[in-house]
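J.: predicted model, plus sequence, below.
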Amino acid sequence: MKKFRKKAIIIVLLMLTFAVGTIFFLQTHDHPAMPVAACGSIDEIFIIGNTFDDQSGDLLASGIYILDKDRYKMSLYNNMTLIDSMSFEKIALDKDNNLFSIVRKQDENAIYEIWKINNGIVLNKYDITNSIDEKNNGGIRAFTIDGNGNFFIREISSDEVIVIDKSGFETSRLKDVASDISFESMATGKDGQVYALFCKNIDAGSGFKIISFADGLINEICNGNILPTEEIYSVMGTCTKYDLVMKGIYGVYGYNFNSEAAENIIYFPPFEAEFTKSFFVEDELYIFFTDIDDDKRHKIKSIELKTIDLVTGVFQ
């Protein structure tokens, strides 16, 4: 009976794996690399992978990996590896698909820079240390680039978005519009504007707001219960059918401006809900899984939103 149950579980897991997409392995050297951030276009997908010492937990190396067009193989992006207390923190593509990364250097005090990278070569470095308050805000939470090439940065414990121009100079800070909403995610829309998703605290009646940042102004795009209030949202992006797409722990939701509510695109089963990071590339969603197999290798599962009928059939 035990052998039968084990075989049945393996068969079910294999069916789920092939139904929702291909699983990829992200590794560097002899240690598993932990995915910490990602971005991509229809042609190239980049992922930051950090390697830690198994015993001490100290950072050993930080690298940028690239996923091939067939989504089957991961490889180090032109030997883009940092050591000696340096790490890639966040990455983003501009409208022309130029790759930028926020890099952290641990000296007596942390030093932050934005690097422009092309084919593994660092073309430009912009020192943004004076704009980052790691001691009080705990590091970088979100990073995106608008249609004009301006950098938008959100720190972990901050209540504002930092705007840095394409030359590396801070131009403004956009403070949260109210204290009863919490920052969840930030992304650049199809129109080149930057949008942020905020969640109201439960004590304030739940509900969500989507804010746009344009020309130094904060504009409220929508509010109220446009999304299920029982969800927790971790990422926002765009796709062909919707102006914005948002991933919760139970599913993906698409929203078009001026609509009364977001539409559910796909549901996730409970095992998909915990400890995941994800990002959108065109009409595809990628989800990171941490230490999911016996070898403690980190995996990435892709789901094509265009085939939601198939995927939803599996998940429901």
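T.: Sure thing, it's come through.
J.: pLDDT weak spots in the stretch 101-250 of the chain?
T.: 107, 178-179, 200-207, 223-225, 229, 232 (pLDDT under 70).
J.: all helices for it, in order.
T.: Assigned by DSSP state H, counting those that start in this stretch, the stretch 101-250 of the chain shows helices spanning 134-137.
J.: neighbours around residue 169, how many?
T.: 11 (other Cβ atoms under 10 Å). All C-beta spots, glycine's among them, are computed from the backbone N, C-alpha and C.
J.: what's the distance between it and residue 130?
T.: For residue 169, the distance to residue 130 equals 10 Å [Cβ to Cβ, to the nearest Å].
J.: cool, residue 304 as well?
T.: Taken as Cβ to Cβ, the span from residue 304 to residue 130 is 43 Å.
J.: and residue 165, how many neighbours?
T.: When neighbours are counted by other Cβ under 10 Å, residue 165 comes out with 14.
J.: excluding its backbone neighbours, what's nearest the residue sitting nearest the centre point of the chain?
T.: Centroid-nearest residue in the chain: residue 279, 4.6 Å away (criterion: Cα atoms, centre = their mean). The shortest distance from residue 279 to any non-neighbouring residue, by Cβ to Cβ, 6 or more residues apart in numbering, is to residue 38 (4.8 Å).
J.: quick revisit: compare residue 304 and residue 130 (neighbour count), which wins?
T.: residue 304 (15 against 8).
J.: so the more buried one sits against residue 281, correct?
T.: No: the criterion here is Cβ atoms under 8 Å, and residue 304 misses it with residue 281 at 10.4 Å.
J.: tell me where the stretch 51-200 of the chain has strands.
T.: 59-67, 74-82, 86-93, 99-106, 110-118, 121-127, 140-145, 151-155, 160-164, 170-175, 181-188, 194-200 (DSSP state E, counting those that start in this stretch).
J.: now do the third one: distance to the chain's middle.
T.: Taking the mean C-alpha point of strand 86-93 and that of its whole chain, the gap between them comes to 11 Å (Cα atoms, centre = their mean, to the nearest Å).
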